[in-house]
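Novice: I'd like to go over a predicted model; first the sequence, then the structure.
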Amino acid sequence: MKYELRLEDVTKRHEGLTIVENMSLAVKKSTVIGIVGSTYEKASMFMQLLAGEIVPCQGEIYYQDENLSKYGQVPGYVGVYISDIGFLTEYTGYKNLKYIAGMNEKAGEEDIHKAMTLVGLSPTNNRKVLQYSSRMRQKLSIAQAIMEGQKMLLIDAGVFTTINKENHTEIRKILSKLKKLGYTMGIASEKEEYIKKICDQIIHI
């Protein structure tokens, strides 16, 4: 069986902290996996590991049976939301996504409109990102992660934290909508209660 994501005996240690040890995991298509860390740092670093930003001390990570090391980063069909990607604050949300899309030349205007609408943002809103609330920035980050047609998402622990708890309900609704559309997702959080309603499986690290 071809899995969307597979870990084989993965160990990662960083500055004396063990993120995971001898972890094996297989994630089927359209499955939502929750990653709950004993600390925020562990949850966040585990997602960085899946995104290829840091490498395992041992073991292998595969996307659709292809080794992550082949890419050096996640393949193009995986969308990644790892912390704030640094939007240009003087641009509108739409202009930011159009600028990013121009780098890869994979998403057109229709794709951007569709992604923004899906997360509840208006592509025609002339508000600058500087004036966005934290919730709107999170929505824009999710739109950026799906606008190129990605059907698998990695969502960083920074999305579901105690600090931004007031955003959780709306962000959960967006991710639940993506789940119904058949997206495969890995969602990290510092607390299980924040994400358990939308996950098929919870893994504690």
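Specialist: It's in.

Novice: where does this protein have low pLDDT?
Specialist: Residue ranges of the chain with pLDDT under 70: 1, 83-84.

Novice: helices and strands around the helix or strand encompassing K139, which ones?
Specialist: Using DSSP states H and E, K139 maps to helix 134-146. Helix 134-146 is packed against strand 78-81, helix 93-104, helix 109-118, strand 152-155, helix 168-180, with contacts defined by 3 or more CB pairs under 8 Å, 6 or more residues apart in numbering; DSSP states H and E. Glycine gets a C-beta too; all of them are placed from N, C-alpha and C.

Novice: could I get the ones you listed as TSV with mean neighbour count and distance to Q58?
Specialist: TSV is the format used below for the helices and strands packed on helix 134-146 (neighbours: other CB atoms under 10 Å; distance: least, CB to CB, whole Å):
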stretch	mean neighbour count	distance to Q58
strand 78-81	24	22
helix 93-104	17	32
helix 109-118	17	37
strand 152-155	24	21
helix 168-180	16	32
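
Novice: picking that back up, CA-only coordinates of the helix holding K139, as PDB, when you get a sec.
Specialist: Provided in PDB are the C-alpha atoms of helix 134-146 (Å, rounded to 0.1, in the frame of the first residue of the first chain):
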ATOM      1  CA  SER A 134      -3.700  37.300  13.900                       C
ATOM      2  CA  ARG A 135      -6.700  35.200  12.800                       C
ATOM      3  CA  MET A 136      -6.600  36.700   9.300                       C
ATOM      4  CA  ARG A 137      -2.900  36.000   9.000                       C
ATOM      5  CA  GLN A 138      -3.400  32.400  10.000                       C
ATOM      6  CA  LYS A 139      -6.100  32.100   7.300                       C
ATOM      7  CA  LEU A 140      -3.800  33.700   4.800                       C
ATOM      8  CA  SER A 141      -1.100  31.200   5.700                       C
ATOM      9  CA  ILE A 142      -3.400  28.300   5.200                       C
ATOM     10  CA  ALA A 143      -4.500  29.700   1.800                       C
ATOM     11  CA  GLN A 144      -0.900  30.000   0.800                       C
ATOM     12  CA  ALA A 145      -0.300  26.300   1.800                       C
ATOM     13  CA  ILE A 146      -3.200  25.100  -0.500                       C
END
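
Novice: what's the closest of the helices and strands packed on helix 134-146 to K42?
Specialist: Closest to K42 of those is strand 152-155 (CB to CB; 15.4 Å).

Novice: roughly how far is that closest one from the heart of the chain?
Specialist: 3 Å (CA atoms, centre = their mean, to the nearest Å).

Novice: Tell me the spacing between I187 and V119.
Specialist: Per CB to CB, to the nearest Å, I187 is found 15 Å from V119.

Novice: Much appreciated, bye for now.
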